[in-house]
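**Q** Kindly generate the corresponding structure for this input.
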Amino acid sequence: MDPHVLRTFVTVARRGSFSAAAAELGYTQSAVSQQIAALEADLGMPLLTRRPVAPTAAGERLLEHAGPLLLRIGAARADVRRAAAAPAHRLTLAATPLAMNAELARRLTRARQAQPRLSVTVRTCGRAEVAERVAGGHAELGLADGITAPSDPLRLPDVGPLATVGVAEERLVVALPADHPLAGRAGLRLADLVDAHWLETTLCPLGRLRELAGDGFRPGLAYTGDDVHTVANLVAAGHGLTLLPASAGWGVPLSAPRLVHRVELLHGALPPGPAADLAAELSR
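**A** You can find the predicted model right below:
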């Protein structure tokens, strides 16, 4: 199965249009039609309806496989290029919004002081995108954060052979309004808060809380961004509770269950050079 044709199929399905997919990919519309026809002939079944353009049942199944396949192909290409590339002093560090805490920022400072030529761009994105960027060669290093039990690794998408190492763990706090009846407590248990309204955010997904502490955790308001100040303002205004690392905001310490905010460093094969030195400093 030609990965170029597979990418064309994914683009047509996502855009819902042969012409829009052709414009995005830089092909003619007839070339896109020919590639889809060839793929359907190869598999012996229709993958897209034409009016409107939408995946058939078989097309939906192929889409489930296509994303991981294309990602692994891209990761393989990037891994080979990394092994042969000359050391670069311009690096990209992909990081989730809460990953770069004060201690890791200080480690980054030490790395830059030790390497005066080092230029680092920090790009904020979601956890899955961090892994995809590193695997695909769009970032040399990644920092991903999440809520987990002490010393337990994060659940990261399988995007290829990436090294992961825990670089920070800190306690969690329950962020709640200043006038909340429980705001003066010395500690709070999640079990006592399952009936409260919680913010649904990418920083603290309710599905993860339910996995760790059982059912409940009613959604109060959904916020799809990644700005911590916005989350704090929504909490303060009474739209719902959330969990934050202690260093990122105010709140009451979480006393049970034993959960932490964990940060992991992600990278592919790193030959000796600036990227490997930066990874070593961030891992100290």
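**Q** Not counting sequence-adjacent ones, nearest residue to the spatially most central residue of the chain?
**A** The centroid of the chain falls nearest to R127 when counting by Cα atoms, centre = their mean (1.4 Å). Leaving aside its chain neighbours, R127 sits nearest to A144 (4.8 Å; criterion: Cβ to Cβ, 6 or more residues apart in numbering). Every C-beta, even on glycine, is put in place using the N, C-alpha and C of the backbone.
**Q** what about the one you found, how many residues close to it?
**A** The number of residues packed near A144 is 27, by other Cβ atoms under 10 Å.
**Q** you'd agree it is in a strand?
**A** Yes: under DSSP: H, G, I helix; E, B strand; the rest coil, A144 falls within a strand.
**Q** helix or strand for G166, which one?
**A** Secondary structure from DSSP states H and E places G166 in strand 163-175.
**Q** Which strands and helices lie in contact with that strand?
**A** helix 102-114, helix 228-236, strand 242-245, strand 252-256, strand 260-267 (3 or more Cβ pairs under 8 Å, 6 or more residues apart in numbering; DSSP states H and E).
**Q** nearest to Q29, of these?
**A** Q29 sits nearest to strand 260-267 of all these, at 38.9 Å, using Cβ to Cβ.
**Q** So for stretch 194-207, what gets flagged as buried?
**A** V194, A196, W198, L199, E200, T201, T202, L203, C204, P205, L206 (16 or more other Cβ atoms under 10 Å).
**Q** who's in contact with the fourth one?
**A** With contact taken as Cβ atoms under 8 Å, 6 or more residues apart in numbering, L199 is in contact with P219, G220, L221, A222, Y223, V231, L234, V235, H239, G240, L241, T242.
**Q** Please tell me how far A128 sits from V5.
**A** According to Cβ to Cβ, to the nearest Å, A128 and V5 sit 25 Å apart.
**Q** So which of the two has more stuff around it?
**A** Taking neighbours as other Cβ under 10 Å, A128 and V5 compare with V5 leading, 16 against 13.
**Q** In three-state terms, label the more buried one for me.
**A** helix.
**Q** from memory it sits against Q35, does it?
**A** Yes: contact criterion Cβ atoms under 8 Å: V5 and Q35 qualify, at 4.7 Å.
**Q** how about the helices in this structure?
**A** 3-15, 18-25, 29-43, 57-84, 102-114, 127-135, 206-213, 228-236, 274-282 (DSSP state H).
**Q** nearest to A94, of those?
**A** Between A94 and the helices of the chain, the tightest spacing by Cβ to Cβ is seen for helix 127-135, at 4.4 Å.
**Q** Other residues contacting that closest one?
**A** By Cβ under 8 Å, 6+ apart, helix 127-135 touches 71, 74-75, 78, 92, 94-96, 123, 125, 138-146, 154, 156-157, 159-160, 162, 266-268.
**Q** Buried by neighbour count, from these: which ones?
**A** Looks like the contacts of helix 127-135 have 71, 74-75, 78, 92, 94-96, 125, 138-146, 154, 156-157, 159-160, 162, 266-268 buried, using 16+ other Cβ under 10 Å.
**Q** Report all helices and strands that the helix or strand of the chain with the lowest mean pLDDT contacts.
**A** Counting by mean pLDDT, DSSP states H and E, the chain has its least confident helix or strand at helix 57-84, which shows a mean of 79. In this structure, helix 57-84 makes packing contacts with helix 3-15, helix 127-135, judged by 3+ Cβ pairs under 8 Å, 6+ apart.
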